[in-house]
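Participant: here you go, sequence then predicted model.
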Amino acid sequence: MMNIQKIRENIKDMKGEQYHFRFRGSRGQVDEFDGIITDTFPGVFLVHSVVDDRVKSYSYSDILIENLIIKKDS
């Protein structure tokens with residue numbers, strides 16, 4: 001079973017590598033992009049989008065409640 005602490009540790013291990021992100025936001029909006037996890041903090045982590053050169057932040061709970069899915073780029 002995943003918990004916030006395990007998710008935080010996994011994200012820290014993924015730092016610096018490129019992944020595919022799929023974020024399900026409010027009102028059914030979906031944001032998909034390729035990015036690199038650049039930094040981790042106790043409550044959030046930062047992702048640099050390689051598509052539009054923006055930095056986005058996500059909370060570890062986004063993963064826990066499955067609003068954010070991260071897959072290894074193929």
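Facilitator: Right, received. Where do you want to start?
Participant: tell me the helix or strand right after the helix ranked longest in the chain.
Facilitator: The single longest helix within the chain, with elements called by DSSP state H, is helix 4-14. Counting by DSSP states H and E, the next helix or strand C-terminal to helix 4-14 is strand 18-24.
Participant: now for the next helix or strand after that next one, which elements pack on it?
Facilitator: Downstream of strand 18-24, the next assigned helix or strand under DSSP H and E is strand 30-40. Secondary-structure packing of strand 30-40 (3 or more Cβ pairs under 8 Å, 6 or more residues apart in numbering; DSSP states H and E): helix 4-14, strand 18-24, strand 44-49. In this view, the C-beta of every residue, glycine as well, is placed from N, C-alpha and C.
Participant: can you tell me the strand partners of the helix or strand that comes right after the last one and which way each runs?
Facilitator: Stepping forward along the backbone from strand 44-49, the first helix or strand reached (DSSP H and E) is strand 55-59. Strand 55-59 pairs in its sheet with strand 44-49 (antiparallel), by DSSP bridges.
Participant: residues in contact with the strand it pairs with?
Facilitator: Residues from elsewhere that reach strand 44-49 (Cβ atoms under 8 Å, 6 or more residues apart in numbering): 11, 21, 33-40, 54-60.
Participant: mind doing that once more with 7 Å?
Facilitator: By Cβ atoms under 7 Å, 6 or more residues apart in numbering, the residues outside strand 44-49 that reach it are 11, 21, 33, 35-39, 55-59.
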